[in-house]
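Q: turn this into a model:
(4 chains)
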Protein chains: 2
Amino acid sequence: MCARVPNVADGMAPDRNRRRIPDATVSRLPVYLRILGEQAEAGVDNISSEGLAELAGVNAAKVRKDLSYLGSYGTRGVGYEVAYLVYQIRRELGLTHDWPVVIVGAGNLGQALAGYGGFGERGFPVAGIVDIDTTKVGTVLGGTRVRHIDELPQIVQTRRVNIGVIATPGAAAQDAADRLVKAGVTSILNFAPIVLSVPRAIEVRKVDLAVELQILSYHEQRRAGGAIHAVQSGTGRSATA
Amino acid sequence: MCARVPNVADGMAPDRNRRRIPDATVSRLPVYLRILGEQAEAGVDNISSEGLAELAGVNAAKVRKDLSYLGSYGTRGVGYEVAYLVYQIRRELGLTHDWPVVIVGAGNLGQALAGYGGFGERGFPVAGIVDIDTTKVGTVLGGTRVRHIDELPQIVQTRRVNIGVIATPGAAAQDAADRLVKAGVTSILNFAPIVLSVPRAIEVRKVDLAVELQILSYHEQRRAGGAIHAVQSGTGRSATA
DNA sequence: AGGCACTCGTGCACACATTCACAAAGCCAG
DNA sequence: CTGGCTTTGTGAATGTGTGCACGAGTGCCT
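A: Next up, the predicted model:
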């Protein structure tokens, strides 16, 4: 196949940022990206919307529409070139360079996150871990020394950190958020079970285990309350998002 | 105020389960519930939709519509009785009794989850932790001894477990899901970064840290690509969901 | 060269979610 | 008992997301 013509609208598209990608699509692009990475690793060069859809557990039309927001990078009759699509999605998601993150809270969860390692591999190296508890300062987690929360501004500035992760108990989370914002962080991933109050310009995403479990509980309860059922041996299999 | 008349449609509403609550609402009810619990603890008896909305970081009309799916439990001109609302939400979410969970994977994340403790408090006691690695079996995490994954069916049956939590590496997650399903679990909370393939009847929810970070990355990248900005000192504060 | 099989990109209709706006309902003061 | 204030509950309008269906390219085979 002929080489792509990446001259126009490739490196830094002039009006690319004008185009807004729907939230629902943005939340699926990372999934496509991971699958495409796996496929590339497995030696797959091209993939159809249907193939990608099956692996991602979604509708093929949705895949095509999602990808169309990036531009028309598919080839009719053939599909999408995996490597090129990976590049385009990475560019759109801003994954062409690393985004160092700082973790606030060195408790159970903070330790798990720091020790996870998957962060760094996926372009989010841990620039630092801080805690307010001085007895925790100095211990080493996943290769990173825990520092005191007062050092947050320094870490954020010297390491150019834009993303903060809150892994504190609920009671300490708002203070953590305030400190992160004051230090200059503009995006926050919050694991604490509270609603944060932050300036409008700050992007916050919440991960709340209790909420997830309670949603599952709702469906379980609903199942139990509905018609008597004995659906145990699953027959059909369907990918689930 | 006159006493409520809980006779009709209280204990087990006959056609309550006929009424389907929208997904978006179900995902917000746990947030309301936590806030209401805090308010009750603080001695607040009544709360208006606007007050609850502010604490939850959402629109007041949305709160009213969400709550209206539970029934008309508010009093015009007054608001909602906190204790009663807590009861109704708990009932609707199926939180009137405990839902024991089993954790698969005793690595970093599994340990953090088991040690978290917040599970049990919120009605999701850890019925067991299992791992495929025999060297991990026998160690104790958060008061629970790690058992071998082959014991999964026994744990699920004796403890009446409906909810499984997958905290394994991605490569092991599908196997974990298969084992959970075979053991009789009907809801799964998946922390592994893969799309699980399970029978249709199984409810799956996914929590993927990499995806969340990449979504934040998108917004950061967008911010950087847009007009030059120096929005640092936040002026307005707004609760964010 | 022409026809055929395949797959993308997208217009359109439908479903779901959010927000506004207001009538209905309750409380309180006098 | 009446009038005024507050707040709910919900119809209607708007916005967002999903999925079908099909035209339009593309490559392969004869």
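
Q: mind naming the longest helix for chain A?
A: Longest helix in chain A, counting residues (DSSP state H): helix A:23-41.

Q: for the residue minimising distance to the centre of chain A, what are its contacts?
A: The geometric centre of chain A, computed from its C-alpha atoms, lies nearest to A:Pro30 (Cα atoms, centre = their mean), at 6.8 Å. A:Pro30 is in contact with A:93, B:208, B:210-211, B:214-215, counting by Cβ atoms under 8 Å, 6 or more residues apart in numbering or on different chains. The C-beta positions use only the backbone N, C-alpha and C, and glycine is treated the same way.

Q: which among those gets closest to DNA strand D?
A: B:Ile215 (12.1 Å; Cβ to the nearest atom of the strand).

Q: okay, that closest one: pLDDT?
A: pLDDT for B:Ile215: 98.

Q: likewise A:Asn17?
A: pLDDT, A:Asn17: 44.

Q: if we can go back for a sec, and the contacts of A:Pro30, which is closest to DNA strand C?
A: B:Ile215 (16.7 Å).

Q: can you give me the helices in chain A?
A: A:23-41, A:49-56, A:60-68, A:82-92, A:108-116, A:118-121, A:152-158, A:170-183, A:209-225.

Q: rank these by mean pLDDT and give me the bottom one.
A: helix A:118-121 (a mean of 84).

Q: could you pull out the buried residues of that helix?
A: Across helix A:118-121, burial judged by 16 or more other Cβ atoms under 10 Å in any protein chain shown covers A:Phe119.

Q: and for stretch A:199-211?
A: Applying 16+ other Cβ under 10 Å to stretch A:199-211 flags A:199, A:201-211 as buried.

Q: domains of chain A?
A: Structurally, chain A divides into domains by automatic domain parsing as follows: A:21-92, A:101-211.

Q: now distance to B:Ala106 too, for those domains, in JSON lines please.
A: Formatted as JSON lines, these follow (distance: least, Cβ to Cβ, whole Å):
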{"stretch": "domain A:21-92", "distance to B:Ala106": "24"}
{"stretch": "domain A:101-211", "distance to B:Ala106": "12"}
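
Q: and A:Val63, how many residues sit next to it?
A: 24 (other Cβ atoms under 10 Å in any protein chain shown).

Q: again, but for A:Ile47
A: Neighbours of A:Ile47 using other Cβ under 10 Å come to 23.

Q: need the contact list for the residue found closest to A:Lys182 once you drop the neighbours it is linked to in the chain.
A: Sequence neighbours aside, A:Pro153 is the residue nearest to A:Lys182 in space, at 7.3 Å (criterion: Cβ to Cβ, 6 or more residues apart in numbering or on different chains). The contact partners of A:Pro153, by Cβ under 8 Å, 6+ apart, come to A:182-184.

Q: could you dump the residues you listed into JSON lines and include neighbour count and distance to DNA strand C?
A: Compiled in JSON lines, the contacts of A:Pro153 are given as follows (neighbours: other Cβ atoms under 10 Å in any protein chain shown; distance: Cβ to the nearest atom of the strand, whole Å):
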{"residue": "A:Lys182", "neighbour count": "14", "distance to DNA strand C": "28"}
{"residue": "A:Ala183", "neighbour count": "19", "distance to DNA strand C": "29"}
{"residue": "A:Gly184", "neighbour count": "15", "distance to DNA strand C": "28"}
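
Q: out of these, which is nearest to DNA strand D?
A: Nearest to DNA strand D among the contacts of A:Pro153, counting by Cβ to the nearest atom of the strand, is A:Gly184 at 28.8 Å.

Q: find the nearest non-adjacent residue to the closest one, please.
A: What sits nearest to A:Gly184 in space, not counting adjacent residues and going by Cβ to Cβ, 6+ apart, is A:Val156, at 5.2 Å.

Q: my read: that neighbour touches A:Lys182, true?
A: No - with contacts counted by Cβ atoms under 8 Å, A:Val156 stays clear of A:Lys182, the gap being 9.5 Å.

Q: tell me the phi and psi of the residue nearest to A:Gly107 when sequence neighbours are not counted?
A: Spatially, and ignoring its direct neighbours in sequence, A:Gly107 is nearest to A:Ala167 (6.7 Å; Cβ to Cβ, 6+ apart). Main-chain torsions, A:Ala167, degrees, to the nearest 10: phi -130, psi 40.

Q: how about the contacts of A:Pro30, which pair is most distant?
A: Maximum pairwise distance in those, criterion Cβ to Cβ, is 13.9 Å, between A:Leu93 and B:Asp208.

Q: picking that back up, if you compare the domains of chain A, which one is most tucked away?
A: domain A:101-211 (a mean of 20; mean count of other Cβ atoms under 10 Å in any protein chain shown).

Q: touching DNA strand D at all, that domain?
A: No - legend: contact between domain A:101-211 and DNA strand D by Cβ under 7 Å from any atom of the strand is lacking; minimum distance shown is 14.5 Å.

Q: which parts of chain A sit against DNA strand C?
A: Residues of chain A lying near DNA strand C by Cβ under 7 Å from any atom of the strand: A:48-50, A:60-61, A:64-65, A:67-68, A:72-80.

Q: now do 10 Å
A: Proximity of chain A to DNA strand C, by Cβ under 10 Å from any atom of the strand, involves residues A:46-53, A:59-80, A:85.

Q: A:Val78 is in contact with A:Asp45, isn't it?
A: No - in this structure A:Val78 lies outside contact range of A:Asp45 using Cβ under 8 Å: 10.0 Å.

Q: ok, back up a step: just to check, the residue nearest to A:Gly107 is in contact with A:Gly105?
A: Yes - using Cβ under 8 Å, A:Ala167 is in contact with A:Gly105, at 3.8 Å.
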